[in-house]
Each structure stands twice: as C-alpha cells, then as structure tokens.
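**Student:** I need the structure of the sequence given here:
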Amino acid sequence: MRLDITGRHVDITPTLRQLIERRLARVERLLNDSALSATVILTLEKYRHRTELILHARGDKLMRGLGEGNAWNLSVRQAAEKVEQQAKKVKGKWGERKRSDTRRRVPRTVRAAEAITPPRADRAEPEIPRVIRASRYAIKPMSVDDAALRMEQSAEAFVVFRNPESSVVSIVYRRKDGQLGLIEPD
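**Tutor:** The predicted model follows:
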C-alpha cells in the first residue's frame with residue numbers, strides 16, 4: 001500500500017511515521033491487502049492536533065476519517081478507528097456480494113439436464129460432475145437370487161451384497177432396458 005504523509009506546521013518524525021504505519025497496518029490486515037493507497041494529513045493548530053486519513057481501496061472505495069486531540073496518538077487513533085469502521089462495512093458488503101452469488105446458482109438437478117444436451121461452441125471446458133459420498137452402505141451376505149428379489153421389491157437402483165458361495169462383493173443393478181445386471185469382480 002502506498003502511503004503519503006503531509007504535515008502542515010508539523011515535522012514528520014520517524015516515531016510519528018511509525019505510529020501512523022502501525023495504525024494503518026490494522027486496517028490493511030482487515031481489508032486483506034485490498035487497500036491501494038493512503039493519504040494522511042497532519043495539522044497542528046496551537047494545541048490541537050488534527051489527523052485526516054483518506055484510504056483508497058479496490059473498487060474505487062474511499063474511506064475518510066478525521067481525528068482531533070491534544071496529542072498525535074489520540075488524533076491518529078480516532079482517525080484510524082473511523083476508517084476501520086468504514087472498512088468493516090465495506091468488507092461486509094464484499095462478503096454479502098459473494099454469498100448472494102452462490103444463492104443465484106442453478107440447482108444441481110437442472111445442470112444434469114443440461115449435460116444431456118450437446119455442448120455448445122461457446123463453452124470453454126465441460127463441467128466435471130461432483131462425487132457425493134453416501135452414508136455407509138450395509139453389505140449383507142445373500143445369494144444372487146435374493147439380491148434380484150430385493151431389487152424387484154424395492155425402488156433401489158442397485159444392491160451391493162457379499163456372495164456366500166465365492167465370498168466376493170457383487171452388485172446387482174437395474175439396466176436401462178429394465179433387466180437386471182450383475183457385476184462380479186474377477
């Protein structure tokens with residue numbers, strides 16, 4: 001972040017610069033390095049110390065804080081706190097925008113229907129289907145005939161079972177033509 005410090009009737013000492021940089025580091029950390037530049041104007045009028053802090057963040061966001069006090073640390077703290085409040089508000093809006101974008105997405109069932117249609121030329125890369133882990137599936141020992149009977153009685157798409165004759169895990173599934181298929185490992 002670029003920092004410009006201007007002193008009106010004030011000499012900018014290294015300790016004063018360090019105080020300002022320390023206060024701005026908190027705001028910069030809050031904005032996740034989205035702060036582009038900051039302008040600090042220090043004015044001394046008799047016994048009144050005034051600090052004007054203008055911070056420019058991404059998206060043409062300007063945050064301005066004005067602090068007054070009888071010492072520089074009070075004045076800088078007031079200005080930085082006002083800018084910090086504005087930064088929290090801006091960051092909240094950025095977060096809201098990100099969350100609202102996720103709510104506008106098309107449901108997964110509609111995307112599956114789009115996958116049936118041929119891909120258009122304007123799409124750069126095809127969408128990779130997500131793998132959703134199911135909860136544990138109980139594998140029971142049963143014969144192929146028992147698994148086929150269970151498929152006929154229920155609306156399940158498949159049945160995973162352990163064949164007691166060969167002690168291997170097998171799968172009976174419903175094919176597109178309505179028949180039942182059997183998958184057995186070699």
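
**Student:** what about the longest helix anywhere in the chain, distance to the chain center?
**Tutor:** Longest helix of the chain, by residue count under DSSP state H: helix 72-103. Distance, stretch centre to chain centre, for helix 72-103: 18 Å (C-alpha atoms, centre = their mean, to the nearest Å).

**Student:** Against which helices or strands is it packed?
**Tutor:** helix 14-30, strand 35-45, strand 48-57, strand 61-69 (3 or more C-beta pairs under 8 Å, 6 or more residues apart in numbering; DSSP states H and E). Every C-beta, even on glycine, is put in place using the N, C-alpha and C of the backbone.

**Student:** for the ones you listed, which one ends up most surrounded?
**Tutor:** Neighbour counts (mean count of other C-beta atoms under 10 Å) averaged over each of the helices and strands packed on helix 72-103 peak at strand 48-57, with a mean of 20.

**Student:** who does that one pair up with?
**Tutor:** Strands that pair with strand 48-57, judged by DSSP bridges, come out as strand 35-45 (antiparallel), strand 61-69 (antiparallel).

**Student:** With only the CA atoms kept, save that strand in PDB.
**Tutor:** The C-alpha trace of strand 48-57 is given here as PDB (Å, rounded to 0.1, in the frame of the first residue of the first chain):
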ATOM      1  CA  ARG A  48      -5.000  21.000  18.700                       C
ATOM      2  CA  HIS A  49      -3.600  18.000  16.700                       C
ATOM      3  CA  ARG A  50      -5.700  17.100  13.700                       C
ATOM      4  CA  THR A  51      -5.300  14.000  11.600                       C
ATOM      5  CA  GLU A  52      -7.200  13.400   8.300                       C
ATOM      6  CA  LEU A  53      -6.800   9.900   7.000                       C
ATOM      7  CA  ILE A  54      -8.100   9.000   3.500                       C
ATOM      8  CA  LEU A  55      -7.800   5.400   2.400                       C
ATOM      9  CA  HIS A  56      -8.400   4.200  -1.200                       C
ATOM     10  CA  ALA A  57      -9.300   0.500  -1.600                       C
END
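
**Student:** Could you check the angle that strand makes with helix 14-30?
**Tutor:** On the basis of axes from the mean of the first three to the mean of the last three C-alpha atoms, to 10 degrees, strand 48-57 is oriented at 40 degrees to helix 14-30.

**Student:** what's the angle between strand 48-57 and helix 72-103?
**Tutor:** Taking the same axes, to 10 degrees, strand 48-57 and helix 72-103 form an angle of 20 degrees between their directions.

**Student:** The strands paired with strand 48-57 into JSON lines, with extra columns for mean pLDDT and distance to residue 171?
**Tutor:** Listed next are the strands paired with strand 48-57 as JSON lines, based on pLDDT from 0 to 100; distance: least, C-beta to C-beta, whole Å:
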{"stretch": "strand 35-45", "mean pLDDT": "87", "distance to residue 171": "57"}
{"stretch": "strand 61-69", "mean pLDDT": "88", "distance to residue 171": "57"}
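
**Student:** Is it possible to get JSON lines of these that adds distance to residue 161?
**Tutor:** Shown next, in JSON lines, are these (distance: least, C-beta to C-beta, whole Å):
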{"stretch": "strand 35-45", "distance to residue 161": "61"}
{"stretch": "strand 61-69", "distance to residue 161": "61"}
